[in-house]
Each structure stands twice: as structure tokens, then as C-alpha cells.
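S.K.: Sequence and computational prediction follow.
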Amino acid sequence: MQRIELSIPSNPIFERVVRASAAELGIAFGFSDERVEDLKLAISEAVNNAIDHGNHGEVNKLVAVVFEIDGEKLEIRISDQGSGMEHPDISRHVIDEQSLESGHLRGFGLYLISELVDDYEVNSSQKGTVLTLRLYRREEQS
Amino acid sequence: MSDIIRREEFGDVAVLHITSTSVDAVSAAAIAAEYEQMRPITVLDFSEVSFINSGGISALLKFVVSARKSGYKLFAMNVSPHHQKIFKMVEMSRFMPPIDERDLAEFR
């Protein structure tokens, strides 16, 4: 198993650092260009969730990101230092007339993650939330 | 005038060229601020954009809301295949359909 760890302050500018690392890792893992883009977006959403909803943007709180390559599996764990999420909303969330009228213009993150990775899980407690993403190498990839 | 939007206008048309490669939480506020100066036909040009996340989509939705309130038309131009896929997932394309540069030429 190969393991890479990053830890960033809760500032969205540093999400770009995690995203760039994920892109390099996806390329090294042999993902297609499209899959690398999926990986970047899923991780971006997870890290921004941790910054905004977990750590509430408190820059002194950290977001930890652990990448693990285990054979054909790439697993990424994103952890915050918040007080946990009661009901993570992973339902399908699309833009519709009602959301536009009400000004509800956010909340696509977990839905996008659910569409972009092979599987994922959310573990939340009073010590924070850990979002685990898993993507598997597929035969059609170079 | 935003550093990350280059504006071009002709007649009733405004083309907003997004010059940030990332439409994300960092660039969202500067992009969204432009929605107040929409024209009856407004086109967002994504030719230089390589990444869009949900924070960026939320900023783009400010344009959608404003266009609906004003009765303006809003289009997206030069959207990459990956971003077309993401727009389809969240059904953004219903509210900001694609337009080709050659179709835009009719308005010049």
C-alpha cells in the first residue's frame, strides 16, 4: 500500500492544492483524462464541504486528506475538525424552477460526489466528519 | 470590471469571457458580481475554464436567476465535454443552453 497525507488550513485557496495533488495521483494511477477530472471534482467537493460545513471556515481548523493506493483501489479520506453532521444530504439535487425562485443555489456537493466515485461513505461523530471516497482502476483505462 | 471576466458587448449582446481557469469558491464572488450588468442576450464563454465545482455552479446560478427575472436570454459557449456532463447532472443546461460561436456571429 502507498499512502500520501496532506493537511490544509480551512481556506478555499488550499483546496486547489489538494485538487492539484489528486490530479497528479490520478494520472500516476493510470486514470483516463475524464476520470482524473471526475476525481478532481469529487475531492474538491469533499474538501470544500469539510471547510464550510465541518470547520465552518475557521482557518485554524485543519482538513486532513489521506490518499491510499491499494492494488486496484484508490481510497481518499477527507476529515474535518468540526462537531459532526447530523444528516448528510446525498439525495439527487438538480437545478429546478423552485430552487431558483427560493434562492437555494447551493448543496450540489454530495450529490456530485455520489455520481463521480465508485463508492463512498460518511462517518460523522462529535469529533468531526470523515468522508471516504473509493475509485477503482478499470480495464479500459491506459 | 473584474480581473477574471473580460467583457465584450455589441448591440443587445454581452459576452463574458471567464479568464479564471477555475470557477470555484475562490473565483465565485468575482464572477457572480458580473450578473448585475447582464444584457438581453448574455453569453458566458468557458473557453479558458478547466475546472468548475459546485461553488462555481452557485455563482453561475446568479446569472440564471437574474436572466429569469429580467426576461433575458443566457447561453454558455465553449463548454468542455466534461463540464457538459456536469451541467447535465445538475440540469444547468436547461437554464443556460449552449451556443456556438458561429451562431453568435449573427448578432455582430
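M.R.: Sure thing, it's come through. Quantities reported herein were computed from a predicted structural model and do not represent experimental measurements.

S.K.: I figured residue B:31 hits residue B:58, correct?
M.R.: No: taking contact to mean C-beta atoms under 8 Å, the distance of 10.1 Å between residue B:31 and residue B:58 leaves them out of contact. Using the backbone N, CA and C atoms, a C-beta is placed for each residue, glycine as well.

S.K.: how about the residues of chain A near chain B?
M.R.: With the criterion set to C-beta under 8 Å from any C-beta of the partner chain, chain A comes near chain B through A:12-13, A:15-16, A:19, A:34, A:37-38, A:40-41, A:44-45, A:48, A:93-96, A:100, A:103, A:105-109, A:111-112, A:115.

S.K.: Between residue B:31 and residue B:58, tell me which one has more neighbours.
M.R.: Neighbours around residue B:31 and residue B:58, counted as other C-beta atoms under 10 Å in any protein chain shown, are more numerous at residue B:31. The numbers are 23 against 17.

S.K.: sec struct for the more buried one, please.
M.R.: When classified by DSSP: H, G, I helix; E, B strand; the rest coil, residue B:31 comes out as helix.

S.K.: name the element the closest residue to it other than its chain neighbours belongs to?
M.R.: Spatial nearest neighbour of residue B:31, excluding adjacent residues (C-beta to C-beta, 6 or more residues apart in numbering or on different chains): residue B:59 at 4.7 Å. Residue B:59 is part of helix B:54-70, with elements assigned from DSSP states H and E.

S.K.: Please point out which parts of that helix sit buried.
M.R.: Residues of helix B:54-70 classed as buried by neighbour count (16 or more other C-beta atoms under 10 Å in any protein chain shown): B:54-67.

S.K.: With pLDDT added, can I get these in a markdown table?
M.R.: Shown next, in a markdown table, are the buried residues of helix B:54-70 (pLDDT from 0 to 100):
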| residue | pLDDT |
| --- | --- |
| B:54 | 94 |
| B:55 | 94 |
| B:56 | 95 |
| B:57 | 95 |
| B:58 | 94 |
| B:59 | 94 |
| B:60 | 96 |
| B:61 | 95 |
| B:62 | 94 |
| B:63 | 95 |
| B:64 | 95 |
| B:65 | 94 |
| B:66 | 94 |
| B:67 | 95 |
